[in-house]
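Enquirer: Could you work out the structure for the sequence below:
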Amino acid sequence: MEYVIEMLNIRKEFPGIVANDQVTLQVKKGEIHALLGENGAGKSTLMNVLFGLYQPEEGEIKVKGKTVKITNPNVANDLGIGMVHQHFMLVDTFTVTENIILGKEPSKAGKINLKEASKEVRKLSEQYGLSVDPEAKISDISVGMQQRVEILKTLYRGAEILIFDEPTAVLTPQEIKELIGIMKKLIQEGKSIILITHKLKEIMEVCDRVTVIRKGKGIGTLNVKDTNPTELASLMVGRDVVFKTEKKDAAPKHPVLEITGLTVKDNRGVEAVRNLHLTVKAGEIVGIAGVDGNGQSELIEAITGLRKSESGKILLNAKEIQNLPPRKITEAGVGHIPQDRHKHGLVLDFPIGENMVLQTYYKKPYSNRGVINFTKVYEKAKSLIEEFDVRTPSVYTPARALSGGNQQKAIIGREVDRDPDLLIAAQPTRGLDVGAIEFIHKRLIEQRDHGKAVLLISFELDEIMNVSDRIAVIYEGQIVAVLNPKETTEQELGLLMAGSKKMEARESADV
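Expert: From the prediction side, this is the model:
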């Protein structure tokens, strides 16, 4: 059988780690082939080898039956291979067209013909149903649209084989549905797709075959129609995975977080949170459900001191904390797992050991009269890394070298270890595999069972329904309903999130 891509016995090493250990991947023409594995299993590394960003120590790559040496991405592009990266490679201040043609600009007499390029981009956009405005600036379009621009970049360069690296990690449910439609359209047009993912639902819905990688080794390739999520999860993590988080009923006590009449403006000066009321009690998890862009980010930033409140009160244990500096708020008893772990959670170029004490480095025993005791820092880091199963070659490894799942476990370890009265978990499992998700959900429930208040903000309805004791639905900056997850459905939540079924939040006894 002829394959469009064959990666045979690929070995890729980094200092102290074998990322790919004799991995084989064979992709047929016209299929969507999933590459499944835990965070840090070696999926992205394997695809970076295929795209020419890394050179393998061993192995052979064939494209349409011919052995090739892919020394850089330009060679990959020439062979018809395009890659849509998890972290988009776009210039914010450029237009859609300028980003798409960057590095392959059509020119006449040394002058770039932007008008012609824009026409070509519009034509490609219409052909594949991508609906992208060629003249729009990247900074003005949504994350989902930015991803479409990345897809158009590969198509503009003539890609026949497209690699999607965790494409749904930052998308809303509606954008995920649209992306799946786009992928199916690409296949109809004769393309082949490699989908790097750990989302089992998406694999079952859209993929033809799946290759599983575990700890850098190839486990096997299966036809999707002949398998199921339970089997795939077990192959991926090497053990049985519990999809439904087991938890006893909550026993809420006194209010820990009380928000009344809160109004917060976004970066444009528009009110993103409007007269919002919310209470979270000790011993419960309150989940915030809502479509992205309805004030969730501004609400979190106001509670944690990263954004100014215009009016209203935020009380922590009956004391006002609105507009206090972030350090004062964390010292008052707030833990924060941020929605953007790279921007607000880690100093990526610092060793992971130093990242583990970012909230406490200035206190004893880590610091004395302004002098940091690195022996104590790394002792603490080693114990947290072990307790929270952070997989890293050493405590001295830069945080950016860890997989997303291990970066997230490090942040959770750091925040939970401080024993905060209120733990804010914003998108805590975004981009993580089922094993890491199971681990994080258990930790959130442990915090609840230790009498802590947990505020969970997530775009994943499964997560909100599974973990929360109460669900507060946010729409256009207001809480429009507070529901018991046992007495509602995803359909009802979806209607409330879309604003088509408004309920008075005050109807619930405890807002």
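Enquirer: the helices in the stretch 201-350 of the chain, which residues?
Expert: Counting by DSSP state H, counting those that start in this stretch, the stretch 201-350 of the chain has helices at residues 229-237, 296-304, 326-332.
Enquirer: okay if I get the ones you listed as TSV plus mean neighbour count and mean pLDDT?
Expert: Glycine gets a C-beta too; all of them are placed from N, C-alpha and C. Output for those, formatted as TSV (neighbours: other CB atoms under 10 Å; pLDDT from 0 to 100):
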stretch	mean neighbour count	mean pLDDT
helix 229-237	18	85
helix 296-304	24	94
helix 326-332	16	95
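Enquirer: Which stretch among those helices approaches Leu171 most closely?
Expert: Within these, the stretch nearest Leu171 is helix 296-304; the backing value is 15.1 Å (CB to CB).
Enquirer: Show me what that closest one is packed up against.
Expert: strand 255-265, strand 271-281, helix 326-332, strand 334-337, strand 422-426, strand 453-458 (3 or more CB pairs under 8 Å, 6 or more residues apart in numbering; DSSP states H and E).
Enquirer: closest one to Glu58 among these?
Expert: Ranking these by proximity to Glu58 (CB to CB) places strand 334-337 first, at 39.2 Å.
Enquirer: what's the spacing between that closest one and its chain's center?
Expert: Distance, stretch centre to chain centre, for strand 334-337: 18 Å (CA atoms, centre = their mean, to the nearest Å).
Enquirer: how about CSV for the helices of the stretch 201-350 of the chain, with distance to Phe350 added?
Expert: Below are those laid out as CSV (distance: least, CB to CB, whole Å):
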stretch, distance to Phe350
helix 229-237, 29
helix 296-304, 21
helix 326-332, 18
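Enquirer: just so I know, which of these lies nearest Val467?
Expert: Once the helices of the stretch 201-350 of the chain are compared by CB to CB, helix 296-304 is nearest, at 16.1 Å.
Enquirer: what's the distance between the closest one and the middle of its chain?
Expert: Taking CA atoms, centre = their mean, the mean C-alpha location of helix 296-304 is offset from the chain mean by 18 Å.
Enquirer: Check stretch 104-120 too.
Expert: 35 Å.
Enquirer: Where does pLDDT dip in this protein?
Expert: Low-confidence segments of the chain (pLDDT under 70): 1, 109, 169-170, 172, 240-244, 431, 500-511.
Enquirer: how does it divide into domains?
Expert: The record's domain parsing of the chain by automatic domain parsing lists 5-237, 242-333+423-511.
Enquirer: how much space between the nearest residue to Lys201 once chain neighbours are set aside and Thr168?
Expert: Excluding the flanking residues, the one nearest Lys201 by CB to CB, 6 or more residues apart in numbering is Pro229, at 7.2 Å. Note on Pro229: its distance to Thr168, by CB to CB, to the nearest Å, is 16 Å.
Enquirer: likewise Thr330?
Expert: 32 Å.
Enquirer: Kindly report the same for Leu384.
Expert: Remark: distance between Leu384 and Thr168 (CB to CB) = 30 Å.
Enquirer: about what we covered before: any chance of the helices and strands packed on helix 296-304 in CSV with distance to Glu178 as columns?
Expert: Formatted as CSV, these follow (distance: least, CB to CB, whole Å):
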stretch, distance to Glu178
strand 255-265, 29
strand 271-281, 24
helix 326-332, 36
strand 334-337, 28
strand 422-426, 24
strand 453-458, 20
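Enquirer: of all those, which lies closest to Asp292?
Expert: Shortest separation from Asp292 across those is recorded for strand 453-458, at 10.4 Å, computed as CB to CB.
Enquirer: Give the burial count for Pro420, as a bare number.
Expert: Residues near Pro420, counting by other CB atoms under 10 Å, number 23.
Enquirer: so what's it up against?
Expert: By CB atoms under 8 Å, 6 or more residues apart in numbering, Pro420 lies in contact with 330, 333-335, 452.
Enquirer: could I get these as a markdown table with distance to Leu130?
Expert: Below are these laid out as a markdown table (distance: CB to CB, whole Å):
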| residue | distance to Leu130 |
| --- | --- |
| Thr330 | 43 |
| Gly333 | 47 |
| Val334 | 41 |
| Gly335 | 40 |
| Lys452 | 45 |
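Enquirer: ranking the residues you listed by neighbours, who comes first?
Expert: The residue in the contacts of Pro420 with the most neighbours, by other CB under 10 Å, is Val334 (27 neighbours).
Enquirer: Please verify my assumption that it contacts Leu316.
Expert: Yes - here Val334 lies in contact with Leu316, judged by CB atoms under 8 Å, at a distance of 6.5 Å.
Enquirer: Mutual contacts of these two, please.
Expert: 421-422.
Enquirer: circling back to that earlier point, now tabulate the domains of the chain in CSV and tack on distance to Gly413.
Expert: Converted to CSV, those look like this (distance: least, CB to CB, whole Å):
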stretch, distance to Gly413
domain 5-237, 15
domain 242-333+423-511, 9
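Enquirer: Please identify which of the ones you listed is closest to Tyr378.
Expert: domain 5-237 (16.7 Å).
Enquirer: centre of the chain versus the closest one, how much separation?
Expert: Distance of domain 5-237 from its chain centroid, counting by CA atoms, centre = their mean, is 17 Å.
Enquirer: please begin residue numbering at 561 from this point
Expert: Got it, the first residue is 561 from now on, which makes the last one we talked about domain 565-797.
Enquirer: Tell me the span between the first and last residue of it.
Expert: 26 Å (CA to CA, to the nearest Å).
Enquirer: same deal with stretch 661-668?
Expert: Stretch 661-668 end-to-end distance (CA to CA) = 14 Å.
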